[in-house]
Every structure is written in C-alpha cells, then in structure tokens.
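>>> Give me a model of this one.
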Amino acid sequence: MRKRIRKILPDHEVVRGNRWLAPFENTLLHPRLWHINRRSAAGAVAAGMFCGLIPGPFQMLGAAICAVVFRVNLPLALLTTFFSNPFTIVPLYIVAFALGQLALPGPGKPFVMPPEYGEAGFVGWTHELMAWMLGLGAPLALGLVLLALGLALASYVLIRVAWRIYLVRAWHLRRRRHHSA
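Residues are numbered from 1 along each chain as shown. This next block holds a predicted model:
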C-alpha cells in the first residue's frame, strides 16, 4: 500500500529546491512528515478531512499546520483537502447546517438555498456564497465543526482498518506462497 501512495505524492526534494520554503526547511523536512505508515497516513487523511471544511483558501495552510504539529504525512494531508471543492462544498455545507440544527436546542432557522452561479462570475458568486454562509449563522458554524470532527474520525478509523486488512491479506498470501513452494 505504501508503494501505491508514494507514486502519487511528491517527495521532500521539492521543498528543498523551493526558495520560498527555504526558511521553513528544518521544519518541513522532518522525516516523519514524508514517511508513510499506518499512523502517518491515517493521521494525514484525518487532518486533511478536518481542514478541508475550513472556509476560504486556508484549507491547505490548516492541513500543513496540522501535519507539522501531529507529525503526519504532509503531502497526503494537503492532497486530502481537495475533497471539498466548488462542486462538493455546497452539499457539505447543507449537511453541516442540518447537523448544527440537530445539535442546537430550540426551533431552527429555515434553510435558504445557496446562490446560483450567475453572470457575476466566480468572484461575485464566491462573495454571494460567503454572505449566504454568514446568513446561516450558528447552526452552520457548529455543524461545520461537528462534520469536520466526524469526517476526521471516520477517515482515521477507516484508513487504519483498511491498512490492517491489507497487511493481514498480504501476510496470508505470503504464507501460502511460502508453504506451497
């Protein structure tokens, strides 16, 4: 499994060669940020899933900070944040709003549909989307935190279990080949 993931991810020499990242070289070249194992991969995906719901362009920065703090695989954490994109963010926010309304006591606010992508272009639509999110208030804010925690926990457990199943199957296959030879 490690070999498959390594093919996708860049290696740490990219950081060493980037002049903008040179001041952070000591921190960003820590071996645990580039090593892939069960704990590192699961933690990186969990960090990426949690930070993927941060509004605005701060998702990758949040994932990088989490990767450095928790010493999990940095490229995998950054790559995982792409689960939230312009196509998935509105459904994710609708789910977050519903979670927030379930968690908050009292009658909930009515849900207002998000703005349509219109003639204002991407920048205008982004501003309208931010105003829409602010209008949803506390249920959305609480729901985003709950959804981010749920996605992070579920992805961590899923990666750990999937990696364990993969290893057990590989051990059994290796044992069968060894005994048949």
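
>>> got the buried residues for stretch 91-98?
For stretch 91-98, the neighbour count (16 or more other Cβ atoms under 10 Å) marks 92-98 as buried. To be clear about C-beta, it is placed using only N, CA and C from the backbone, and glycine gets the same treatment.

>>> Relative to Leu173, which of those residues is nearest.
Of all the buried residues of stretch 91-98, Leu173 sits closest to Leu92, with 38.2 Å by Cβ to Cβ.

>>> ok, longest helix in the chain?
helix 138-180 (DSSP state H).

>>> Which ones among the buried residues of stretch 91-98 lie within helices?
Reading helices off those with DSSP H, I get 92-98.

>>> Mind jotting down where the helices sit in the chain?
Under DSSP H, the chain gives helices at 2-8, 13-17, 25-28, 38-51, 59-70, 74-80, 89-103, 121-136, 138-180.

>>> where are the low-confidence patches of the chain?
For the chain, the stretches flagged by pLDDT under 70 are 1-28, 108-109, 111.

>>> what's the longest helix of the chain packed up against?
Secondary-structure packing of helix 138-180 (3 or more Cβ pairs under 8 Å, 6 or more residues apart in numbering; DSSP states H and E): helix 38-51, helix 89-103.

>>> quick check, distance from that helix to the centre of its chain.
A distance of 14 Å separates the centroid of the chain from that of helix 138-180, by Cα atoms, centre = their mean, to the nearest Å.

>>> hang on, the earlier thing: select, out of the helices and strands packed on helix 138-180, the one closest to Arg177.
helix 38-51 (23.3 Å).

>>> what is the orientation angle of the closest one with helix 138-180?
160 degrees (axes from the mean of the first three to the mean of the last three Cα atoms, to 10 degrees).

>>> Many thanks, have a good one.
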